[in-house]
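# take this sequence and fold it.
(one chain, ligands or ions: 1)
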Amino acid sequence: MRNYYVRLLEIHSPKDAASLMEQIGSDLHGVALMKNKMVHYNFRVGPLPAAAANIIKQEMLSVGGEAAVTRGVINCSADNSDAILSATRKQFRKFCRKLRAQPFSLALMADRIELALKAKEKLKGLPFKCRGLDVDLKERSLIMGILNITPDSFSDGNCFLTLDDALAQARKLITDGADIIDVGGESTRPGAEKITIAEEFNRVLPVIKALRQEFPELPISIDTYKAEVAAAAMAAGTDLINDISGFNFDPGMAQVAAETGAYCCLMHIQGTPEAMQKNPEYEDLFAEISAYFEKSIARALAAGVEREKIILDPGIGFGKALEHNLLILKYLAEFKGFGLPLLLGTSRKSFIKKLTGAEVDERLPASLATIAQGLTNGANIVRVHDVAATRQALTVIDAINHSQR
Ligand code: YH5
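Residues are numbered from 1 along each chain as shown. Model prediction:
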């Protein structure tokens, strides 16, 4: 009797498939064709008029893929439909070619699908060039170290109010391995005191100026949603505007970003910092965050920000219940379709207490777990308090995620 082995395979990319076929000595020309049949992709698209949904269903079936549409689309008893598309790389290529010959702006849909597939498959091409840092985020992830200059901040309240204390903490973050320092003057936790622009200036500008002088090669970020603060911070030497409202709270923000040439982190928030944690609800969490990203990106581009300078952040804890935070971490990779870097801020946040009961200064193990999961699911930058421990975790996770057969 023969004993055949049967081994389950994990194929993450066409390149991964190619290596596996080379291992068994497949013909190289065959490999080039077959690798694109071995990786499956899925999209949700919409909203489609019923006629367009029917075209998509037909074209998808004709290339050998699958398309689910709303019941009633076939006899036009439903007017509109979203569609869930599922096919191999090769099938999507054919499908997109066919869409380009169709009405209803389906050619634009083909462009979007191709963009997302290319972004996902590329092994290079997310440059982050800033001061002494010149990296491709596809090759390594970055740590953003948090520098709170706020007497009322949760996790390190009252600790870094004086300039000397702030600088000492910044030096520690840098020694511990931070790639970027994120300077914030106003706490955005619910119930935190609002401060005047003058007070925010007083807190952050001296720190930014001193840091810029002591570390001319250090990328510095300003955590603010106020255009005036961002403009002053950029003049004082920051490189990145980290706006928790994704250019949504202050109408002047996009222009400041464009004029100063800043990198921009556009974060999703539901509601306002004061009200956001009062029973946050979503009809469709991922649809709503994605739509918010679309709007924020459009606002940035319209003002003249370069697409290459935009970073997206789903905003863990900002108008999110526990289940929302968990779903974002589990399905984070769905936001890779924009082809932009993702930033993730989970460090010491309250959802960890909801799961574990841990108080704020005991949340490092859980924070590291979320970081490992986030990086594996496509985060490129993690915003953290505990840089040394994060550096060790990130080194291991990056090595695992970049290993290739
Ligand atoms: C973020 O996720 N978060 S400020 C409550 C905590 C602990 C930490 C103890 N700014 C983000 O860090 N910017 C903040 O409970 C951010 N992404 C980006 N881009 C909130 C914070 C925190 C809040």
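# which element is Asp82 on?
For Asp82, the element it lies in under DSSP states H and E is strand 80-88.
# what's in contact with that strand?
With contacts defined as C-beta atoms under 8 Å, 6 or more residues apart in numbering, strand 80-88 is touched by 36-50, 53, 56-57, 60, 63-70, 73, 92, 95, 113. No exception for glycine: its C-beta is placed from N, CA and C like everyone else's.
# in helices, which of those fall?
Among these, the residues falling in helices (DSSP state H) are Ala50, Ala53, Ile56, Lys57, Met60, Phe92, Phe95, Ile113.
# can you give me the strands in the stretch 201-350 of the chain?
220-223, 240-243, 263-267, 310-313, 343-344 (DSSP state E, counting those that start in this stretch).
# what would those strands look like in TSV with mean pLDDT, mean neighbour count and distance to Val204?
Listed next are these as TSV, based on pLDDT from 0 to 100; neighbours: other C-beta atoms under 10 Å; distance: least, C-beta to C-beta, whole Å:
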stretch	mean pLDDT	mean neighbour count	distance to Val204
strand 220-223	98	28	7
strand 240-243	98	28	12
strand 263-267	98	27	16
strand 310-313	98	24	20
strand 343-344	99	26	19
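# I'd like those strands as CSV, with distance to the ligand appended.
Output for the strands of the stretch 201-350 of the chain, formatted as CSV (distance: least, C-beta to the nearest ligand atom, whole Å):
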stretch, distance to the ligand
strand 220-223, 5
strand 240-243, 5
strand 263-267, 4
strand 310-313, 4
strand 343-344, 5
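# coming back round to it: which of the contacts of strand 80-88 count as buried?
36, 38-39, 41, 43, 45-46, 48, 50, 53, 56-57, 60, 63, 65, 67, 69-70, 73, 92, 95, 113 (16 or more other C-beta atoms under 10 Å).
# near the ligand, which residues of the stretch 201-350 of the chain?
223, 242, 244, 265, 267, 313, 315-317, 343, 345, 348-350 (C-beta under 6 Å from any ligand atom).
# Glu283: neighbour count?
6 (other C-beta atoms under 10 Å).
# tell me the pLDDT of it.
Predicted confidence (pLDDT) for Glu283: 97.
# low-scoring stretches of this structure, by residue?
152-160 (pLDDT under 70).
# what segments of it are helices?
14-23, 28-34, 50-62, 89-99, 106-121, 163-176, 197-214, 227-236, 253-260, 285-303, 322-330, 350-356, 364-376, 387-402.
# could I get these as CSV with distance to Lys138?
Conversion of the helices of the chain to CSV gives the following (distance: least, C-beta to C-beta, whole Å):
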stretch, distance to Lys138
helix 14-23, 13
helix 28-34, 22
helix 50-62, 30
helix 89-99, 18
helix 106-121, 10
helix 163-176, 24
helix 197-214, 28
helix 227-236, 27
helix 253-260, 24
helix 285-303, 20
helix 322-330, 21
helix 350-356, 29
helix 364-376, 13
helix 387-402, 9
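# what are the pairing partners of the strand holding Asp82, and which direction each?
Note on strand 80-88: by DSSP bridges, its sheet partners are strand 40-49 (antiparallel), strand 66-69 (antiparallel).
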